[in-house]
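[1] When you get a sec, could you give me coordinates for this:
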Amino acid sequence: MRNTKKVALSMVKSKPALLNRKWTILDRRSAGGVLFLHFLCLLAPFHCNWPAFWVAFALYFITGLFGVTLSYHRNLAHKSFKLPKWLEYLFAYLGVQAFQGDPIDWVSTHRYHHQFVDTDRDPHSPLDGFWFSHLAWMFDAYALTKKVCPKNVQDFEERSTKRKRFRNVLVGYVKYGRPNNVEDLQKQGFYRFLRKTYILHPTALAIVLYATGGLPFVVWGMGVRLVWVLHITFFVNSACHIWGYRLWDTNDLSKNNWVIGLLAFGEGWHNNHHAFEYSARHGYEWWEFDLTWCVILFLQALGLATDVKLPSARHQQKLALNPKTS
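    Next up, the predicted model:
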């Protein structure tokens with residue numbers, strides 16, 4: 001029998017997503033960037049041609065599959081497999097072009113999500129409502145600081161008040177001597193470089209697209225494609241903790257959602273992932289198609305992906321809601 005554990009309505013808190021709260025400089029910049037991308041989408045019907053569509057489609061696969069799901073998530077955040085450094089860095093750079101933050105920011109947030117999953121300290125907890133877990137959490141840096149690193153609130157307020165340029169609050173406090181969860185990436189010069197120059201890379205891609213195909217390439221290759229990839233990723237955070245089925249007894253609300261599973265290259269098999277977060281594979285049943293896992297298998301066959309981690313039969317038997325008997 002499949003478990004359908006749900007968020008009780010009484011557990012969902014009323015949280016001001018836009019009004020009656022602090023808006024930092026970082027919040028305004030993040031919201032402005034996302035709004036601009038959605039504005040570009042409004043131009044799509046007026047600047048549509050087949051080359052622009054196929055550019056957007058190709059970039060969806062390149063940045064979403066190789067950049068976000070394979071690199072940011074399974075390789076960097078969970079260390080599910082190893083790659084040669086040149087290939088690791090290449091895939092991570094593709095993730096930068098997905099406009100979801102630099103690798104240090106993205107990985108830090110995701111590791112905190114697993115550490116505090118579906119609790120008050122989860123960066124995008126479903127307990128704060130669908131809208132917050134889907135998107136609004138990105139525009140509430142002050143609340144994230146209080147959640148994840150409450151000891152850093154004073155430093156955050158001082159930097160925000162002085163209007164100084166500050167780093168993402170989930171990782172920025174490392175320079176104040178406090179613990180962090182991304183030391184493995186922080187000590188690598190390549191990731192520090194991407195952090196400092198992050199916004200320049202999507203900007204450079206936009207310039208290349210404009211020079212190649214004019215405004216249609218920018219509207220579709222940046223606007224439509226980025227909004228699509230962003231929301232597919234956000235649905236993993238929101239929808240996959242609300243709707244779907246469960247095969248594993250995890251101490252959270254994660255669900256397997258077949259729609260997101262297909263659109264997010266296997267990331268929608270989210271209950272599977274939370275059961276075995278270290279695993280390079282997310283789809284375990286025959287119907288749970290996991291394109292990212294197929295790519296990892298291909299890289300492994302080429303000798304490029306090594307130390308590929310998978311759950312043991314004993315671990316699966318322990319967490320299975322409907323254990324299989326031999």
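[2] low-confidence ranges in the stretch 51-200 of the chain?
    Within the stretch 51-200 of the chain, the stretches with pLDDT under 70 are 151-179.
[3] what about 90?
    120-121, 125-129, 132, 136-181 (pLDDT under 90).
[4] same question, the stretch 201-326 of the chain
    Scanning the stretch 201-326 of the chain for pLDDT under 90 picks out 321-326.
[5] Just the buried positions in stretch 189-208, please.
    For stretch 189-208, the neighbour count (16 or more other CB atoms under 10 Å) marks Tyr191, Leu194, Arg195, Tyr198, Pro202, Leu205, Ala206 as buried. Using the backbone N, CA and C atoms, a C-beta is placed for each residue, glycine as well.
[6] next one: it to chain centre, how far?
    18 Å (CA atoms, centre = their mean, to the nearest Å).
[7] which residues touch it?
    89, 92-93, 96-97, 99, 101-105, 167, 185-186, 218, 221-222, 226 (CB atoms under 8 Å, 6 or more residues apart in numbering).
[8] Of those, which belong to helices?
    Under the assignment DSSP state H, the contacts of stretch 189-208 contribute Tyr89, Ala92, Tyr93, Val96, Pro103, Ile104, Asp105, Leu185, Gln186, Val218, Leu226 to helices.
[9] Could you list which residues are in contact with Phe116?
    Neighbour list for Phe116: Asp122, Pro123, Ser125, Lys147, Val148 [criterion: CB under 8 Å, 6+ apart].
[10] of the residues you listed, closest to Ala44?
    Nearest to Ala44 among the contacts of Phe116 is Pro123, at 30.7 Å by CB to CB.
[11] Could you say which helix or strand holds the closest one?
    Per DSSP states H and E, Pro123 falls between elements, in no helix or strand.
[12] what number of residues lie near it?
    By the criterion of other CB atoms under 10 Å, Pro123 has 24 neighbours.
[13] Same check on Gln316?
    Counted by other CB under 10 Å, the residues lying close to Gln316 total 19.
[14] tell me which element it falls in.
    Secondary structure from DSSP H and E places Gln316 in helix 313-319.
[15] What lies in contact with stretch 62-75?
    80-83, 88, 91-98, 100, 103, 106-107, 110, 225, 229, 232-233, 264-267, 280, 291-292, 295-296.
[16] what's the answer for stretch 258-268, then?
    Contacts of stretch 258-268 with the rest of the structure, by CB under 8 Å, 6+ apart, involve 64-65, 69-70, 73, 232-233, 235-236, 239-240, 244, 256-257, 269-270, 273, 282-283, 287-293.
[17] next one: stretch 50-61 to chain centre, how far?
    Using CA atoms, centre = their mean, the offset of stretch 50-61 from its chain centre is 21 Å.
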